[in-house]
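S.K.: let's see this in three dimensions:
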Amino acid sequence: MDKLPIVYIRGYGGPTSGINSVVEDPFYGFNSGSTHIRVAGDGAPAFYQFEGPLIRLISDEGYQVHVHGSQQAVLDDTSTDLAKAPSVWIYRFYDQAATTFATQPPENLVERLRRLGHQRITCDGFDIESAARGLYDLIVKIIERTSGSADPPNKVNLVAHSMGGLIARCMIQKVCQTKDYRPATELVSKFFTYGTPHGGIRSVGGIAQWVEETFGPAGSKIFAPEMMQGYLDPDKEFGQHCDKGWDPQVIDPAVFPVQDIFCLIGTDPADYGWAPRTAMGPQTDGLVHMDNAYVRGAHRAYVHRSHSGPYGEVNSEEAYQNLRRFLFGRWAVSAALVDAVLEQDPRFSWQLDMRLSIRGLSVVMSEQLTEHWCPIMLTALDGQRDPLAQPGGVPLAGTFLLDPRDHGQEFQLPGADGRMRYTLTLRLFKVPVAGTVFDFSNTTEQVPYWQDWLIVDVDPDANADKLRAYAAWGSLVPGGDLNPDPISQQLPPEEHGQDLSFTADGSSLKALMPLPSAAAQQGILGGQAKICIRATSR
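M.R.: This next block holds a predicted model:
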């Protein structure tokens, strides 16, 4: 995959006092790493050193950072060749709203206290639409300076945290749809968001929405769902309420394709500040509700990380590995549950835990767990469609396959001959429901109704037209995940290994993997359920 320029857009800085702290960081937080990780069943903290996404892009992918006193000065200096190597750029949209770059006028104690108090509740100088227009101008300049003279113009990849994703969307959906501006599809190749409130921010009891919409302290009005159409729709003005039925989580495919968007969703509210996590409740990353953290139809991953802080999303290995594969992966691969049947009994709720792991990585790529408040629901909630009736099945997980020709260091496990191994762990729970409350009186905590793990080996000979893979259920090959031999060759004689047979299905390749025979005979998921693996060349 082409290594295009990356533009990073940070999240909400708060009032002016917070903005003044933000602008002190040359890279707006994209350089931040971490030393903590949650491990084991109880989520105990352990030491794990992650250098940060900026340093890892430099060391893993050969990116360069051009600052030398001023990023803008580097862009303006045409004597510097910026097309030789891929580059990372930081959109410093908050600089114009900071007061630390201006000489403070003489003031007495009362005036100083008044100014400091004002700076703690307002963010004078920041406007989301102005920030979006500034982002457009920066991208156009970067493309101009990083495109080779004999090559077609570059595009950029946008990487954004929290509010930064809304600034990017304002540019994509409103600014770029305005006369005399180029469409976003000519400027942006891929768009990755960490914990962006694509559906706004809502709290338990609606307190946050009311405060945002009514008062909008420190510019927080942009997070009120009722106000978002004003800066995401070219036919609206900010301040106007949204139309009835308008959905902030929808992006028109003609404006920007959802297959080029990835949304990372945090599931750890406990490690965020006590005040916001108390107001927002569970099923959040401490600030943004999981159901509001994605664009509909976009790729997504769930990681047990909080909105920010020592256990934050941006400064995590989990997020970086998803970012890297989304930007540079040659194949997009997804897994879905198809042909499943479950008894429709209002006394029970069927829930599925999922965990996606890659051999050689010390972190989990994506996990939806009951204990994290985000299992995959297989039972329809009141007023909702049956999840099992979805076209294409129930989405389980997705990732992107790095090309071994470009990332050879990732494929050096002795004996593996370059094969990559992916493991999809599934745990099915049947939870009794008493009225509207889950009833655990006749259940054993954390003991599933059924569990197994699908091990998939991907051959390095894969190319744009063909994909070679082998698969087996882990219950049939105890310890097989530690054996580098092709997984289908490790099955006992009575079982038949399955070399996944991919067939063309539109623009994708598709393969079906049935449940193990013992599970099918017991009628698990109806006895005919399969995992549908779909791969699309990028």
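
S.K.: other residues contacting stretch 135-151?
M.R.: 5, 7, 9, 75, 78, 82-83, 87, 89, 91, 93, 153-156, 167-168, 171, 175-176, 181-182, 187-188 (CB atoms under 8 Å, 6 or more residues apart in numbering). The C-beta positions use only the backbone N, C-alpha and C, and glycine is treated the same way.

S.K.: any quick PyMOL command for the buried ones out of the residues you listed?
M.R.: Command for PyMOL that selects the buried part of the contacts of stretch 135-151, burial taken from 16 or more other CB atoms under 10 Å:
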select buried, resi 5+7+9+75+82+87+89+91+93+154+155+156+167+168+171+175+176+181+187+188
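
S.K.: residue nearest the centroid of this protein?
M.R.: For the chain, residue 264 is the residue whose C-alpha lies nearest the centre (CA atoms, centre = their mean; 1.6 Å).

S.K.: now name the helix or strand holding that one.
M.R.: strand 261-266 (DSSP states H and E).

S.K.: same for that strand, what does it pack against?
M.R.: strand 188-194, strand 299-303, helix 317-328 (3 or more CB pairs under 8 Å, 6 or more residues apart in numbering; DSSP states H and E).

S.K.: just checking, what packs against the first one?
M.R.: Identification of packing neighbours for strand 188-194 by 3+ CB pairs under 8 Å, 6+ apart yields strand 156-161, helix 163-173, strand 261-266, helix 317-328.

S.K.: find the nearest non-adjacent residue to residue 369, please.
M.R.: residue 353 (4.9 Å; CB to CB, 6 or more residues apart in numbering).

S.K.: then residue 226?
M.R.: residue 241 (5.2 Å).

S.K.: can you give me the strands in the stretch 251-400 of the chain?
M.R.: Taking DSSP state E, counting those that start in this stretch to define them, one finds strands in the stretch 251-400 of the chain at 261-266, 299-303, 331-338, 348-358, 366-368, 376-377, 394-401.

S.K.: just the helices in the stretch 51-200 of the chain please.
M.R.: 53-61, 71-76, 109-119, 128-146, 163-173 (DSSP state H, counting those that start in this stretch).

S.K.: the last one: which residues count as buried?
M.R.: The reference is to helix 163-173. Buried residues in helix 163-173, defined by neighbour count with 16+ other CB under 10 Å: 163, 164, 165, 166, 167, 168, 169, 170, 171, 172, 173.

S.K.: now for the last one: which residues touch it?
M.R.: With contacts defined as CB under 8 Å, 6+ apart, residue 173 is in contact with 184, 232, 233, 234, 251, 252, 255, 256.

S.K.: could you single out the nearest of the residues you listed to residue 36?
M.R.: residue 251 (34.2 Å; CB to CB).

S.K.: ok, the closest residue to the closest one other than its chain neighbours to residue 61 distance?
M.R.: Leaving out its chain neighbours, the residue that sits closest to residue 251 by CB to CB, 6+ apart is residue 295, at 5.5 Å. As judged by CB to CB, to the nearest Å, residue 295 and residue 61 stand 25 Å apart.

S.K.: more neighbours: which of the two?
M.R.: residue 295 (23 against 17; other CB atoms under 10 Å).

S.K.: surely the more buried one is in contact with residue 262?
M.R.: No. Between residue 295 and residue 262 there is no contact under CB atoms under 8 Å: 9.3 Å.

S.K.: now do the shared contacts for those two.
M.R.: Shared contacts of residue 295 and residue 262, defined by CB under 8 Å, 6+ apart, are absent.

S.K.: and for residue 315, the neighbour number?
M.R.: 26.

S.K.: list buried members of the contacts of residue 173 by neighbour count.
M.R.: 184, 232, 233, 251, 255, 256.

S.K.: give the contact list for the residue nearest to residue 251.
M.R.: Residue 295 touches 198, 249, 250, 251, 258, 261, 263, counting by CB under 8 Å, 6+ apart.

S.K.: returning to what we had before: hey, least reliable of the helices of the stretch 51-200 of the chain by pLDDT?
M.R.: With a mean of 60, helix 109-119 has the lowest mean pLDDT of the helices of the stretch 51-200 of the chain.

S.K.: re the thing from before, now do the same for the residue nearest to residue 226: its pLDDT.
M.R.: pLDDT at residue 241 comes out at 88.

S.K.: go ahead and confirm it touches residue 228.
M.R.: No. With contact defined as CB under 8 Å, residue 241 does not count as touching residue 228 (10.0 Å).

S.K.: quick one on the thing from earlier: what's opposite the residue nearest to residue 369 in the beta bridge?
M.R.: Taking DSSP bridges, one obtains residue 427 as the residues bridged to residue 353.

S.K.: what's the host helix or strand of residue 452 packed up against?
M.R.: Using DSSP H and E, residue 452 falls within strand 450-458. Secondary-structure packing of strand 450-458 (3+ CB pairs under 8 Å, 6+ apart): strand 420-434, strand 469-473.

S.K.: what angle do it and strand 420-434 make?
M.R.: 160 degrees (axes from the mean of the first three to the mean of the last three CA atoms, to 10 degrees).
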